[in-house]
Structures are given as C-alpha cells and as structure tokens.
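Chemist: Sequence first, then the predicted structure:
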Number of protein chains: 2
Amino acid sequence: MAEVTIQQVAKAAGVSTSTVSNLLNGRAHRMLPETRVRVENTIEQLGYRPNRAARQLRTGRTQTIGLVVPSVGNPFWGSFARQLESAALEEGYHVLLCNSERDPDRERRYIEELWSDGIRGVVLCSSLPSLEHVAPVMQRGLHLVAFDRAAQADDPEALVSISIDNAVGSQLATAHLADLGHRRLAFVSGALGSVNRKDRYRGFANALEQAGLSVDKTILWPGASDWRFGDVESAELGRRAAHELLSSDTPPTGIVAINDMCALGICRGVRDAGLEVGTDVSVVGFDDIVLADLYDPPLTTVRQPMTEMAAAAITELKTRVEAGGPTPGRSLLLRPELVVRSSTSAPRS
Amino acid sequence: MAEVTIQQVAKAAGVSTSTVSNLLNGRAHRMLPETRVRVENTIEQLGYRPNRAARQLRTGRTQTIGLVVPSVGNPFWGSFARQLESAALEEGYHVLLCNSERDPDRERRYIEELWSDGIRGVVLCSSLPSLEHVAPVMQRGLHLVAFDRAAQADDPEALVSISIDNAVGSQLATAHLADLGHRRLAFVSGALGSVNRKDRYRGFANALEQAGLSVDKTILWPGASDWRFGDVESAELGRRAAHELLSSDTPPTGIVAINDMCALGICRGVRDAGLEVGTDVSVVGFDDIVLADLYDPPLTTVRQPMTEMAAAAITELKTRVEAGGPTPGRSLLLRPELVVRSSTSAPRS
DNA sequence: GTGGTCTGGTGTAACGATGTACCGAAGATA
DNA sequence: TATCTTCGGTACATCGTTACACCAGACCAC
C-alpha cells in the first residue's frame, strides 16, 4: 500500500536523495556512469514512481493541462478532445476534462478551479464573444489557448488563439454552391453569439456578394435568450429551419449550415418535406465530424485540420507554461479545406 | 503571481493556521462564532483557495478521478464522458481523461500513471475480456469501476462493474425483428473480443432460439489480428458486412448490429446495394448515440440509461475511495430499453 | 606550497496544508 | 480549596520532492 519514495531508492542505491533527484531531473552528467546505472537499476527494481503532488508542491509546476469544451458529447468536441489528449500525452501532459455546457459562469468557475489546482495551461473552447471574464486569471499567470475562435482586438494580451479561418471556410462552402449554379442560398445558424459564428456568416455573405447574389434568404434562428445549444438542439434547429425555408414561395436550392450537426438536422428536415438531399436541395456542413462521411448522403463539408490544431495547442501551451513568465499572445489561423461529397450537386434546372 | 497561503490568511485574521485549517475541514464548532466569521471574511477578501497539491501530499487524497475510454472521439464514449464529468462535478470531483485507443498496453500504462498521480479512483471502459492486467494496481489500493462490461468470474475481487445487461439488450432487439415477422436474421460484429460483444451475441442467439430460428446467417467479421476498431472502422466494418450479406442467395431481411456506429455503416451498405433501410432491410443498432435519432431513417436501437449509470459510477467510486480500505466489489446490471424508430418494420412479403 | 578549477557528490530548507497533541483559562463539582 | 471538564485555540512534525549551497578530494599551473 505504501508507495516507494525517493528516500528508499536513495538508501537502497547507497546514494543521497539529491543524486536520485538529479538523475530524475536531467542532471545525470553530474555522476559517474556506474552510479547512474546503479540508481537506475534500483528505481527499476523498486518500481519507484515520483509522487506528483510532492513534485508539484515543490516546483509549482504540473504536468496537467485543462481542457474546457462546451460538451464532449458533441462529436466535434469529442474528436478534438481525443486529439488533444493524444498530443498532450506525447509531451508528457495529462488532460483534465471540463464541460462548460455553454454556461459562461460555469466556464469561469472551471478556469478558476483549474488555476487553484495548480494548472497553469488551459485550452479553452469558449462560445462567448468576449473573453474578458478570464482576463483576471490570465493576469495571475494562467496560460490560455483559445481554440476554434479567431483572435479579437479586445482579447487579453497573452491569449493564444488557434482556429481555422472561419470566414474563408464558409466562403469556400458558399462559393462551391454558387459554382454549381445555385442562385437561392440560405445560411442556417442559431443566434450569431460567438465570434466563430459571426465569422462564418461573414464568409457566407462575402461569397454571395462575389457571386453577385443577395442575402435575403438568410435564416438566422431568432435565438430566444433561454435557448440552449446542446448536442441535439443544434440538429433540431437545423430541422426546424429547413421546414421553414422549404415552405416559402421561393425555397433555396442550396443551404449552408453553421456546423455538421445542424446540417444533419437540415437534411432530416429536407426529407420531412418530401425532398431529397443532394439533388433537390444541396446542403453543406462545417467541421467534418466522423458522421459526415457516414451519413446518407455523405455530407459535403468544411474540414478543420484537427490533428494539426491539437498539436499546435499543446506546443503553444507547453512552451509558454515552461517558460513561466508572461509571453505575448499570438494567433494561428489555419486554412480549412472543402470536402466535397454527395450532399451537394447542381440544382435541378 | 504568488498565491495566497493559509498562513497569510491566518496572520491577516489574527489566528493560527490550525484554526483556519479547522474551519476549512468541517471543524468550525471548535471556535467562537465571531472567530469563525472573521476568518471566513479574511478568506473571502484575500481570495484564498487551498493548494491542492499540498493538501494531497499531506492527506494522500485527491479530488480527481480517472476516466479511461477507448476514444472520446466515439460519440458513445464522448456522451458518457460528458455525463460522468457532470456527475463527478456534483460530488466535487474532477476527471482526468485518458484514451486507450483500445491498446491493452496503453490502458495499463494509463492506470499505473493515474495511480502514481495519487488518483485512487478510476472508471475503466475496457474492451478487454480479462482485467487481470489491472489486478496488481487494485491490490495496491486502486478503486476501479468497470463500465459497460458485465462482471466476470475471474475479475479482481474489489472490482465494481456497471453495465446494462447486454444479452437482454440484444435479445430485445432481435425479438423485435422476429416479432415483426423477420425470419432471416443476421448479427454483425467484429471479432467477439470483449465480454460486451460476447454477451450481445448470446442475446441474439437466445432470441433466435426462442423464435425457433437458426443462427446460420450470423456474420462475424473474421477480425484480422491487426484490425483496429476505431471510431470509423466500426462503421466501415458494418458496410462491408452488409455488402457481403446482401449478395448472398438468401439475404437476411433483418440485421442486428453490435453498436450504432456499426449499424450506420450497415445502413450505408444497404443503400450501396440499391435497397432501402426500414423497408427492404430492417436494421437495429445498440447504444442510442445522438445520431441514431438524427439519421435517416431514424435508427431503432437499444438505449443504455447513461445518466443513471454515470451517476452510479461516481457514487460507487466516491464511497469506496473515501472509505479508504478494501471493499468487496459488486456489480450493477441495468436494464436496457428498446427504442423503436423507423429503421425497422415488417419484412416485404 | 599556494591558489584555482573540476568532478562527483551530499545536507537541508523549503513548498502549503493537515491534524494530533497540547495548553491556559473559565466554570463546574465536591 | 482542590480537582476535573470543557472550551477555544495554538505549536509543530509531517507528507515526498527539489535544487541551492556547500564540500572533499583530485588535478593542474605557476
């Protein structure tokens, strides 16, 4: 039951704790090769593993980072969480999981709790437009990477943003529909609360303009203040939007969704209306979740380079946390990629 | 940058650290009400938060539990992770996330690492038939809850199992098809490596027997040794299985899938063959992931009472960890529920 | 022989919280 | 008056690790 301590190792190897500690902390050159081997063997034999709490107490450093997502139940975040944890493990870090449920207050409480747990690096996937609620903790020294949210002018200085260029993404999606010959396009989203959503809408509008089209068919869900975007709600929203759109006099032939879950809901709504996705109505999603390719028809969507982004998040966090002091923030804006599958095609003439 | 310590609080409040500690640890009755208020105010004003590492070092207890899942990228596990984290938070626990990627060795390494992190409670979602690889750590005092895997005779004594009755679940699914009039049924799975899968197959076979049918149409993927079950692979397997099944002389009219991802793949395969799901071929899944209801057609599937199971996992872990000593294991076998949607109907006559 | 540098170590004071053992004063008991 | 309790509170050793400060001996140069 009692764990092996560094003292026991030291005694068994006939050296001081300092020597064991030195070996453990990359100062092996300070001892004779034979001493080193002896200590290494002892560690192995006794099955010694350093106590993290003691180490953390002493050094003030943890090998744990925090991850705050709206909900890992959402396939997009689940997938990201997996990639991030993988990348973290490569660097010897563990990941503490927090689901904010899109509750700003809960988000803030999580961050503060993580801080008082001694965690100095957090990946925050916030849906809030402003990040000022975390500024105080950042000033105290918390290193924060905002994921899936482009940098904003009023962001805290030290903030690192990692995101795709959302405007470019939806511009790609929209242009794809326009190129196929669609002239009546709609954009389905909830309220444009997050930076992310605003950017995607902007891309949509830009593409329309470039194609010489008007924006009048845009559907933005009114977004009642008590409307919670859960995993399912987002799809339900898409479904309802589809119903509404398709019952108009001049229904759109192409629909750009704020994300894949929403797109899936739209597809369902299209079928409800007795129409076929990919032929009668083209739908394009965003995120390329696992199920986009699995769906029927396979969904045309905008892919985020997740693996790369997860790795970047860890790298940024690691270097900053290990440097210790305040480091100026910066932002990484990656290029999304349009994945054309079968949910889009030229409109019926 | 420097955090407020208990000493600073004590000094500012004009008491000893013991008094502050007493207040913090439920021994408030040992002081005058006015002292108590004074200390409470000081804590508030200084924004004091106890250092977890120090506390853990001293007491040997953590407020963190470990969660080991095959991959949170899989919607089923993502959803479970979310529920578990929620339940944990209610009880004041944090969750450390680990993706085993179905690698036994990785699974073992995670468990050991969690142990040496001072974590004494872990929820393990293992796909391995035997859990003997974790027995040594359990003997050292790790409390383990095995999720989604019924108890086995040779399990470590202290193990707690929380699972639905998988045999009953697939029996429900299979009987549903039989009741609808299907006579040629198939069961699609990868290799029956896990307890879980074996149980589900058993339920399928039982139901067939009860309905007076034979099992000859069972498809069990050969399961090459290097076949990795990832999030997507499982669907791909379903698709291939559907191709194979439907190209036979006497194709099945009803298919029971090992899980929803697999079922989705099967649906895709059915369509590849020019048939329609729900009319030509009935498909029933397992797990009721978010997308089952969203799919087209909405998938008939077997639901696991996740929220309840997550809460039970936390409760078990909490009581055991806080009791400290070894506690005899036990197992919880919940009843699954068949959710009938549109992917199943009577066979074409 | 004196001073300087290098090598291969060791001694020990922290890090911040906990909780047992103790303590003085006031009140109760006898 | 002497003894026992209770109350309100404090002193301090301890958890396991780290890393700064130090040290003895070998070697070298002048």
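Modeler: Nice, thanks for sending it over.

Chemist: Walking through chain A, point out its helices one by one.
Modeler: A:6-13, A:17-24, A:33-46, A:52-59, A:75-90, A:104-116, A:135-139, A:166-180, A:195-210, A:233-246, A:260-272, A:290-294, A:306-323 (DSSP state H).

Chemist: any bit of the fifth one sitting next to chain B?
Modeler: So that's helix A:75-90. Yes: using CB under 8 Å from any CB of the partner chain, helix A:75-90 comes into contact with chain B via A:75, A:77-79, A:81-83, A:85-86. Every C-beta, even on glycine, is put in place using the N, C-alpha and C of the backbone.

Chemist: what does the third one give?
Modeler: No: under the criterion of CB under 8 Å from any CB, helix A:33-46 makes no contact with chain B; the nearest approach is 12.6 Å.

Chemist: By mean pLDDT, which helix or strand of chain A comes out lowest?
Modeler: One helix or strand of chain A scores below all others by mean pLDDT, DSSP states H and E: strand A:219-220, with a mean of 70.

Chemist: residue ranges with poor pLDDT in the stretch 101-250 of chain A?
Modeler: A:216-217, A:220-232 (pLDDT under 70).

Chemist: out of everything not next to it in sequence, what's closest to the residue in it that DNA strand C sits nearest to?
Modeler: Taking CB to the nearest atom of the strand, DNA strand C has its nearest neighbour within the stretch 101-250 of chain A at A:Ser116, 8.7 Å off. Nearest in space to A:Ser116, with sequence neighbours left out and distances taken as CB to CB, 6 or more residues apart in numbering or on different chains, is B:Arg49 at 3.8 Å.

Chemist: Burial check on that neighbour, number of neighbours?
Modeler: Using other CB atoms under 10 Å in any protein chain shown, B:Arg49 has 14 neighbouring residues.

Chemist: so who does it touch?
Modeler: A:112, A:116, B:3-4 (CB atoms under 8 Å, 6 or more residues apart in numbering or on different chains).

Chemist: Please identify which of these is nearest to B:Leu172.
Modeler: Closest approach between the contacts of B:Arg49 and B:Leu172, by CB to CB: A:Glu112, at 45.7 Å.

Chemist: re earlier: next, find the distance separating the residue of the stretch 101-250 of chain A closest to DNA strand C from A:Thr35.
Modeler: Distance, A:Ser116 to A:Thr35, by CB to CB, to the nearest Å: 40 Å.

Chemist: Could you do A:Ser343 as well?
Modeler: 66 Å.

Chemist: repeat for A:Glu322
Modeler: 28 Å.

Chemist: Could you list the buried residues of stretch A:30-45?
Modeler: A:31, A:35-36, A:38-39, A:42-43 (16 or more other CB atoms under 10 Å in any protein chain shown).

Chemist: B:Arg149: which of these is nearest?
Modeler: Nearest member of the buried residues of stretch A:30-45 to B:Arg149, counting by CB to CB, is A:Ile43, at 34.1 Å.

Chemist: The closest one reaches A:Val9, doesn't it?
Modeler: Yes: contact criterion CB atoms under 8 Å: A:Ile43 and A:Val9 qualify, at 5.7 Å.

Chemist: shared neighbours of the two, anything?
Modeler: Contact criterion CB under 8 Å, 6+ apart; residues bridging A:Ile43 and A:Val9 by contacting each: A:Val20.
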